[in-house]
Structure formats: structure tokens, C-alpha cells
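Undergrad: here is a sequence with its predicted model. Questions after.
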Amino acid sequence: MNKEKLSSMLWGSFCADAYALGAHWVYDIKEIENANLNLNGFNNPLTTYHGSKRAGDFTHYGDQTLWLLESISNEKKFDALEYSKLWLENIKEYNGYIDGASKATIEGLDKGLSIDVCGSSSRDLSAAGRIAPLIYFYNNDKETLLETIKLQTNFTHRNESVEESALFFAELTLAMVEGVDLNSAITSLSKNYSTTLQKWVEQANQSILLPTSTAIANFGQSCSVNVGFLGVIHLLIKYQNDYMEALKENVLSGGDSAARGMIVGMVLGAKLENQIEQSFKSSLTNFDKINSFF
């Protein structure tokens, strides 16, 4: 497959997470508008959730995605057991936010539960946003890709809708790498999934004429997959030709912008491989580390 598109897909997801850090989990859109954020770059977090994080850093979603990339690179494949060891080592020393799903997974591993049952029952969309490294490494083996996505998702989030969303967005990203029309891909791929997911796609499609902040407020700004999925589809369709505008409108809509952003950045990164500026990527705190994996 097109290596430039795959590389852009990976950078697109990481950059979107870091871009969201500034306003992540701020639900009052007026507060975001009045914060004088640098909408062309990265920002320090407005909330205290992210500890000592600073502009250019990742949220805990992006950090876990980076650990996944590191594990795959070390093992030359996705080894769920080795990844779980690296994840546990990092999360126990983590200076950022440790969410409920991670806490439950830590508890399960400490109890000796196997990696296929140690995860939480969380419905958070974030687990579906961590998949870019898997797509990058398994883009030529779709069967293995989808199986590894199930494993990494269920490691922390044992929820059917989160898993289904991760699989759907993986297939959509591959379609973008192959040059398929975005709207056509969303419509055709959704037919292979549950009626619930198809209804989410239909509902999101009906929101395109609304201002994005209004649409996402109507859906819900929270972390849950049943609202985050709709926000992602809205953003993808409405801003399918403008990577930075999609990221900006996502952040200005508040709530769990990092989870939505990682998926939007991944899909549009694959579709619009020439739109992510080198200066934007190189401003990431972990730029050199990520660049070393290519």
C-alpha cells in the first residue's frame, strides 16, 4: 500500500491527540473560545486532569498509542502478552491521567487475570482511537489486522460497541489509503456492521448542515462510544478535505475531543497525506521517538 498515506495516517492520529490536549475535557465551549488557544499549534492543558503535561505532549490516549507502536516495533509484530507487560510497566509509573478503564485493567492484571479478560467494561471511544500503529504494520494483512485490533481493544475495553467501532474505523482508514471516496466508503462499510452502527452513521449524516459545536452538543460531548462515534462521522464528512479545520472544529466543540480527534486525524491523515505540515509534526514532544520507528 501507499507508504506515504500510511505514514501520514500515523502522524495524523498522533498530532490530533496532542492538538486536543489543550482543551481536552473542557465541556463549556465558551470557556474554550475565551481561552485564546493557539489554533494553529499545540497548547498547555486548560484543566488539571493531565498533571504536568505541556504543549506538544500527548493525552493518556496518545501515550498508550505510542506504547503500542513501541511494542510492535520491538517485537516486529503485535504480541499481546509483551504489549501488556510494556503497558503495565508504563502505566504504573505514569504522570498523566489514569482513567477508569486503565485502573480496572491494572487491577485485573495484578489479580493474575489473562490479557483477554483483564480489561474493563468501559464504553469509552478512546480504545478505538489507538489503532493507527496496527494499521501501519498490518495494512497488507487485513485478517490479522482485524484480529489484533480486537485484542488491543479488549485488553482495556471489553465492550462490543467499542470493538465494532475500532474495526469499522480500521476498514475506513484502509479504504482511504486505497483512495476510495470517503462518503461511499462510510456507507458501504457500515452495511457490514450492526444496525446500531448503521443508525449512528445515518444520524451523523443528518447533522452535516449544523455547526459542528451544535451537532456534537446534540450528540453528546462525553467519552462514550455511542456519542463519540457520531461526532467522528460528522467531522469526517464535513471536513473531509481539510485536516486542520477538522481538528480545530473538533477541539472547539469540547468534551472528549482527544478520542474523537485521534480517529479523525487517522482517517483524514490517510486521505490527505500532503496536508500535515512538517513543522506541526516536529513540534510534538515525541517527534524524534516516533520518527525513529519509520
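TA: Looks like it came in fine.
Undergrad: CA only for contacts and neighbour counts going forward, please
TA: Noted.
Undergrad: go ahead and confirm N286 touches A55.
TA: No: N286 is not in contact with A55 according to CA atoms under 8 Å; the separation is 11.4 Å.
Undergrad: any residues in contact with both of the two?
TA: Counting by CA atoms under 8 Å, 6 or more residues apart in numbering, N286 and A55 have no common neighbour.
Undergrad: and the helices in the stretch 1-150 of the chain?
TA: Along the stretch 1-150 of the chain, counting by DSSP state H, counting those that start in this stretch, helices occupy 3-20, 29-33, 60-75, 80-91, 100-110, 132-138, 142-156.
Undergrad: need the winner for burial among the ones you listed.
TA: Between the helices of the stretch 1-150 of the chain, helix 3-20 has the highest mean count of neighbours, a mean of 27, where neighbours are mean count of other CA atoms under 10 Å.
Undergrad: touching it from outside, list them.
TA: 41-43, 55-59, 61-62, 132-133, 135-136, 177, 247, 251, 257-259, 261-274, 276, 280-281, 284.
Undergrad: buried members of those into PyMOL, please.
TA: Of the contacts of helix 3-20, the buried ones go into a single PyMOL selection, burial set by 16 or more other CA atoms under 10 Å:
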select buried, resi 41+42+43+55+56+57+58+59+61+62+132+133+135+136+177+247+251+257+258+259+261+262+263+264+265+266+267+268+269+270+271+272+273+276+280+281+284
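Undergrad: tell me how far I106 lies from A259.
TA: Distance from I106 to A259, counting by CA to CA, to the nearest Å: 21 Å.
Undergrad: scratch that, S283 is what I was asking about
TA: Separation of S283 from A259 (CA to CA) stands at 20 Å.
Undergrad: point out where the stretch 151-294 of the chain drops to low pLDDT.
TA: Across the stretch 151-294 of the chain, nothing is flagged by pLDDT under 70.
Undergrad: in strands only, show me the contacts of helix 3-20.
TA: Of the positions in the contacts of helix 3-20, not one sits in strands, assigned by DSSP state E.
Undergrad: what's the neighbour count on C223?
TA: 21 (other CA atoms under 10 Å).
Undergrad: list the contacts for it?
TA: Neighbour list for C223: R123, D124, L125, S126, G255, D256, A259 [criterion: CA under 8 Å, 6+ apart].
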